[in-house]
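Chemist: I would like the atomic coordinates for the input below:
(one chain, ligands or ions: 2)
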Amino acid sequence: MKPSVLCWALGVAMLCAAAGPGIGQAAPGGVQPPAPLQTVPSDHGVFVVFLGTGMPRPIPTRQGPSLAVVVNGTAYLVDAGTGAVRQAAAAFSHGIDALQPNTLDIAFLTHLHSDHTLGLPDLMLTPWVMGRTAPLHLYGPTGTRAMVDGLEHAYAEDIDLRVNGLEHSSKTGHRVDVHEIQPGVVYQDENVKVTAFAVQHGSWKEALGYRFDADGRSIVISGDTRPTETVVQACNGCDLLIHEVYSMARGGNAYFSAFHTSAVELGDIAARARPKLLVITHYVGGDKPNPAQMLQEVQQKFTGPIIVASDLDVIAP
Ligand SMILES: [Zn+2]
Ligand SMILES: [Zn+2]
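Modeler: Ligands and ions are numbered 1, 2, ... in the order given. The predicted structure follows:
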């Protein structure tokens, strides 16, 4: 049985493989991915746009971690890695109106590691420069406010010049409405309910995952974490589990086992979380990533459908 997943590739050279059960994009033995659809989803319904699927290593084809959950034409960003705003612009240019840069005004940070926040000043300022008048509503762990305060200080002269100089930029659109949150329901509107849960990311005091419930669909995002029961509990048969991973081929060490989830461990997490579709992102593969081996490791325990996300993939639960 095919999973009820729809998958688009926005980049001309990219192919997004909708996987059958137990089969991933680069599964051993080779899988014929379906031809990419020529149309992108309408703004109605629920889908996820992977803005960046990378990690700190500056791989040119993988921007920093960031994704957008789009519900009924509104984009809710999770994390703001390098390139997030430009990737949103790329998605907009391919017909996803919800990602028009000057409309980006809500984001949820999983934690404050640089790879997840290097795009934050971009998200604060560029949509404003392009015409946003509403503040950015930003949800994140303790420390988010201090980071925003520091960035506002760093760009104070820029902001002053744009507001009071010849650009006549809005006096409000550069502002950030910061919400430092704890686990629980952290946001709700007519489209979504967002629930944060604590994950274990090495020595970070606070790191969060998020569950989005929208239009009868459930999307769980692990953030960066070592294997954590809260992910299993938050998913519990969810439609989409989006999880980080590193391959044992990359070589485990004390840092990786404390901060991240190996592919073998992810197989165990996913087997118990029972997502209808597992999407792997933030894949740490070293200089020579071997996604086929990584998938074999996951599939030791998880036999459901898997996709390894690429930048600008669009996946509908
Ligand atoms: Zn990370
Ligand atoms: Zn991290």
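
Chemist: chain neighbours aside, what residue packs nearest to residue 122?
Modeler: Leaving aside its chain neighbours, residue 122 sits nearest to residue 85 (4.7 Å; criterion: Cβ to Cβ, 6 or more residues apart in numbering). All C-beta spots, glycine's among them, are computed from the backbone N, C-alpha and C.

Chemist: apologies, that question was intended for residue 143.
Modeler: residue 112 is the one closest to residue 143 (Cβ to Cβ, 6+ apart), at 5.2 Å.

Chemist: and the gap between that neighbour and residue 272?
Modeler: According to Cβ to Cβ, to the nearest Å, residue 112 stands 29 Å off from residue 272.

Chemist: least confident secondary structure element in this structure?
Modeler: When the helices and strands of the chain are scored by mean pLDDT, DSSP states H and E, strand 6-9 comes last with a mean of 56.

Chemist: what's the following helix or strand after that strand?
Modeler: strand 46-52 (DSSP states H and E).

Chemist: now the element after that next one, going C-ward?
Modeler: From strand 46-52, the next helix or strand downstream (DSSP H and E) is strand 66-71.

Chemist: who are the packing partners of that following strand?
Modeler: Where contact means 3 or more Cβ pairs under 8 Å, 6 or more residues apart in numbering; DSSP states H and E, strand 66-71 is packed against strand 46-52, strand 74-78, helix 84-93, strand 208-214.

Chemist: what residues of stretch 96-109 count as buried?
Modeler: 96, 98-109 (16 or more other Cβ atoms under 10 Å).

Chemist: can you map out the strands along the stretch 51-200 of the chain?
Modeler: Under the criterion DSSP state E, counting those that start in this stretch, the stretch 51-200 of the chain contains strands at 66-71, 74-78, 106-108, 136-140, 176-180, 184-188, 193-198.

Chemist: give me the pLDDT for the residue nearest in space to the middle of the chain.
Modeler: Geometric centre of the chain, nearest residue: residue 67, 3.2 Å, by Cα atoms, centre = their mean. At residue 67, the model reports a pLDDT of 98.

Chemist: for the residue of the stretch 151-300 of the chain found nearest ligand 2, what are its contacts?
Modeler: Closest approach of the stretch 151-300 of the chain to ligand 2 (Cβ to the ion) occurs at residue 224, with a separation of 3.4 Å. Residues near residue 224 by Cβ atoms under 8 Å, 6 or more residues apart in numbering: 110, 111, 113, 116, 199, 201, 207, 244, 259, 260, 282.

Chemist: using JSON lines, please lay out those residues together with distance to ligand 1, neighbour count and pLDDT.
Modeler: Formatted as JSON lines, the contacts of residue 224 follow (distance: Cβ to the ion, whole Å; neighbours: other Cβ atoms under 10 Å; pLDDT from 0 to 100):
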{"residue": "110", "distance to ligand 1": "8", "neighbour count": "27", "pLDDT": "98"}
{"residue": "111", "distance to ligand 1": "8", "neighbour count": "23", "pLDDT": "98"}
{"residue": "113", "distance to ligand 1": "5", "neighbour count": "22", "pLDDT": "98"}
{"residue": "116", "distance to ligand 1": "6", "neighbour count": "28", "pLDDT": "98"}
{"residue": "199", "distance to ligand 1": "12", "neighbour count": "28", "pLDDT": "98"}
{"residue": "201", "distance to ligand 1": "8", "neighbour count": "24", "pLDDT": "98"}
{"residue": "207", "distance to ligand 1": "10", "neighbour count": "24", "pLDDT": "98"}
{"residue": "244", "distance to ligand 1": "7", "neighbour count": "26", "pLDDT": "97"}
{"residue": "259", "distance to ligand 1": "8", "neighbour count": "19", "pLDDT": "95"}
{"residue": "260", "distance to ligand 1": "8", "neighbour count": "23", "pLDDT": "95"}
{"residue": "282", "distance to ligand 1": "6", "neighbour count": "27", "pLDDT": "94"}
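
Chemist: also near ligand 2: which of these, exactly?
Modeler: residue 113 (Cβ under 5 Å from the ion).

Chemist: ok, so of the contacts of residue 224, who is nearest residue 79?
Modeler: residue 116 (4.4 Å; Cβ to Cβ).

Chemist: which residues touch the closest one?
Modeler: 64, 65, 66, 79, 80, 81, 109, 110, 224.

Chemist: cutoff 10 Å now
Modeler: Applying Cβ atoms under 10 Å, 6 or more residues apart in numbering to residue 116 gives the contacts 52, 55-56, 64-66, 78-82, 84, 109-110, 140, 207, 223-224, 282.

Chemist: residues from the stretch 101-250 of the chain in reach of ligand 1?
Modeler: 115, 224.

Chemist: got the residues of the stretch 101-250 of the chain near ligand 2?
Modeler: 113, 224.

Chemist: low-confidence regions, the stretch 101-250 of the chain specifically.
Modeler: Residues of the stretch 101-250 of the chain meeting the criterion pLDDT under 70: 250.

Chemist: and the helices in it, which stretches?
Modeler: 114-117, 120-129, 144-154, 156-164, 229-235 (DSSP state H, counting those that start in this stretch).
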